[in-house]
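*Asks:* missing the sequence, but the structure's below:
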């Protein structure tokens, strides 16, 4: 039995999310269908992280156990020919038997984009949150500065209790300006060893309150310290979010 | 009677083109419908340039004659509320009676994007041509260097004869690398006082032959000099193209 890892990019707009669901078109579902058509194997394709409906990916990682004899280049080419145009396999590698897309991952990197201009650009409407209000970027960066390190992120998790430990280690939390179609966008980039459900979107939703000067940086730090979801701001919409990358130990190939 | 100029951005994917057509959804059509709903006026909205189905715009310009008393800020806000999400009015200005979106325009700026990576990124599939072959960028730039100046561009026009003069003045022709989703893309940018039908796409289709080393720079120059469409390469697909901007004299406001 071989184990193969896939790096996936997708446009999340027309998916119910990354994870298989009984009703609706999921990324996992279409990849598993393509896998079966290629190999005649009905296999679970295990994803590094769950992305919600509308959330995009540039470097999602998944693994699958297989008996196929196809080499990795053939697997990549064939899957891309079988997959719909909103999912692509950008890399395929043979990995060790103990590699696990989710449990072996050391870090995930997400980016959230916000456009504060008065009028949204149509070409950005599926990938950028339009919020036509000035945001105080230095204040947002100051608030983000409390995130690096190990914390209980329960305040920024979705409302579901009993979902296990809520301590995560954040490695990077940066708010910067990027440009798309000559338009300056606010990009919030977060890197952590793991993320709770809705964590990036709730951090961004709370951070926007700081940017609007409706919450102080000290209050943002208190939200984190409180561990109380009620203290945090709203969950930002899904479509501004993209999973950029998932990192592994050097000896895991990726 | 007032005259108002609109700067429009649109995602060309779901349009039959900018220009009104008896069948199909055009940008002009949806703008005219929004205009009528706002003002109860049935008016032609005159565009600076025609873009084909699938071609996008960041700064298309149009004008309309009107008796409405709404101020420009109200017109912009109301049109954006009435327009579908794939068209936006990014600027509205009162212009002089002799302003004409098409005839007053001094220059147009277009950009064409090409991704030469093996696997296309799903998020770029509607805005970037995927051509998984290495392209010789310095050779492409050398070929483009023959374009600036005044030339008969008949060789790069669509097959229709009798469409009037084919001499245009090119102000800029550059091939550079831009980055989107961490992926390097080849961007061909052309500025000219005007463009013939399919001219940018035919220049790009011919330029790709140079990039693939199937045509020399000298041969590219000979294609231009020949004035013969048969000598040029294929018309590149529409979806890689965007109309970035249209320029006017300083006293025309824009």
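*Replies:* Good, I have the coordinates. Here the structure is a predicted model, which means the values were calculated and not measured. Residues are numbered from 1 along each chain as shown, chains lettered A, B, ... in the order given.
*Asks:* residue A:144: what's it in contact with?
*Replies:* Contacts for residue A:144 were tallied using C-beta atoms under 8 Å, 6 or more residues apart in numbering or on different chains; they are A:173, A:174, A:175, A:188, A:207. All C-beta spots, glycine's among them, are computed from the backbone N, C-alpha and C.
*Asks:* element containing residue A:3, please.
*Replies:* Assessed by DSSP states H and E, residue A:3 sits inside strand A:2-10.
*Asks:* circling back to that earlier point, out of the contacts of residue A:144, which are inside strands?
*Replies:* A:173, A:174, A:175, A:188 (DSSP state E).
*Asks:* as a markdown table, the residues you listed with distance to residue A:114, pLDDT and neighbour count would be great.
*Replies:* As requested, the ones in strands among the contacts of residue A:144 are exported to a markdown table (distance: C-beta to C-beta, whole Å; pLDDT from 0 to 100; neighbours: other C-beta atoms under 10 Å in any protein chain shown):
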| residue | distance to residue A:114 | pLDDT | neighbour count |
| --- | --- | --- | --- |
| A:173 | 15 | 98 | 21 |
| A:174 | 14 | 98 | 16 |
| A:175 | 10 | 98 | 25 |
| A:188 | 8 | 98 | 25 |
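*Asks:* distance to chain B for those - can I get that in CSV?
*Replies:* Below are the ones in strands among the contacts of residue A:144 laid out as CSV (distance: C-beta to the nearest C-beta, whole Å):
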residue, distance to chain B
A:173, 19
A:174, 16
A:175, 19
A:188, 16
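*Asks:* so how far does stretch A:203-222 reach from one end to the other?
*Replies:* For stretch A:203-222, the first-to-last residue distance is 13 Å (C-alpha to C-alpha, to the nearest Å).
*Asks:* now residue A:244, what's its secondary structure?
*Replies:* At residue A:244, secondary structure determined by DSSP: H, G, I helix; E, B strand; the rest coil is strand.
*Asks:* and the residue nearest to it when sequence neighbours are not counted, helix, strand or coil?
*Replies:* Excluding its sequence neighbours, the residue lying closest to residue A:244 (C-beta to C-beta, 6 or more residues apart in numbering or on different chains) is residue A:109, at 4.5 Å. Three-state assignment for residue A:109 (three-state DSSP): strand.
*Asks:* what separation do you get for residue A:109 and residue A:10?
*Replies:* Distance, residue A:109 to residue A:10, by C-beta to C-beta, to the nearest Å: 16 Å.
*Asks:* who has more neighbours, the two?
*Replies:* Set residue A:109 next to residue A:10 and count neighbours by other C-beta atoms under 10 Å in any protein chain shown: residue A:10 wins out with 27 against 18.
*Asks:* is it true that the more buried one touches residue B:120?
*Replies:* No. Counting by C-beta atoms under 8 Å, residue A:10 stays clear of residue B:120, with 11.8 Å between them.
*Asks:* phi and psi next, for residue A:25.
*Replies:* Backbone geometry at residue A:25, expressed as degrees, to the nearest 10, gives phi -90, psi 110.
*Asks:* mind checking how far it is from residue A:42?
*Replies:* According to C-beta to C-beta, residue A:25 stands 18 Å off from residue A:42.
*Asks:* with neighbour numbers in mind, choose between these two.
*Replies:* Between residue A:25 and residue A:42, counted using other C-beta under 10 Å, the more crowded position is residue A:25 (14 against 9).
*Asks:* tell me who's in contact with that one.
*Replies:* A:14, A:15, A:16.
*Asks:* for residue A:51, same thing?
*Replies:* Counting by C-beta under 8 Å, 6+ apart, residue A:51 touches A:12, A:17, A:18, A:27, A:57, A:60, A:241, A:243.
*Asks:* and the nearest residue to residue A:171 once chain neighbours are set aside, how many neighbours?
*Replies:* Nearest non-adjacent residue to residue A:171, counting by C-beta to C-beta, 6+ apart: residue A:191, 4.5 Å away. The tally of other residues near residue A:191 (other C-beta under 10 Å) stands at 21.
*Asks:* go on, residue A:228?
*Replies:* Residue A:228, neighbours per other C-beta under 10 Å, totals 12.
*Asks:* likewise residue A:39?
*Replies:* Residue A:39: 18 surrounding residues under other C-beta under 10 Å.
*Asks:* quick one: which of the contacts of residue A:144 is nearest to residue A:153?
*Replies:* residue A:173 (11.6 Å; C-beta to C-beta).
*Asks:* now do the strands in the stretch 1-150 of chain A.
*Replies:* For the stretch 1-150 of chain A, applying DSSP state E, counting those that start in this stretch gives strands covering A:2-10, A:46-47, A:56-66, A:87-95, A:107-115, A:129-130, A:149-152.
*Asks:* buried sites along stretch A:52-70?
*Replies:* When neighbours are counted by 16 or more other C-beta atoms under 10 Å in any protein chain shown, the buried residues of stretch A:52-70 are found to be A:52-64, A:66, A:68, A:70.
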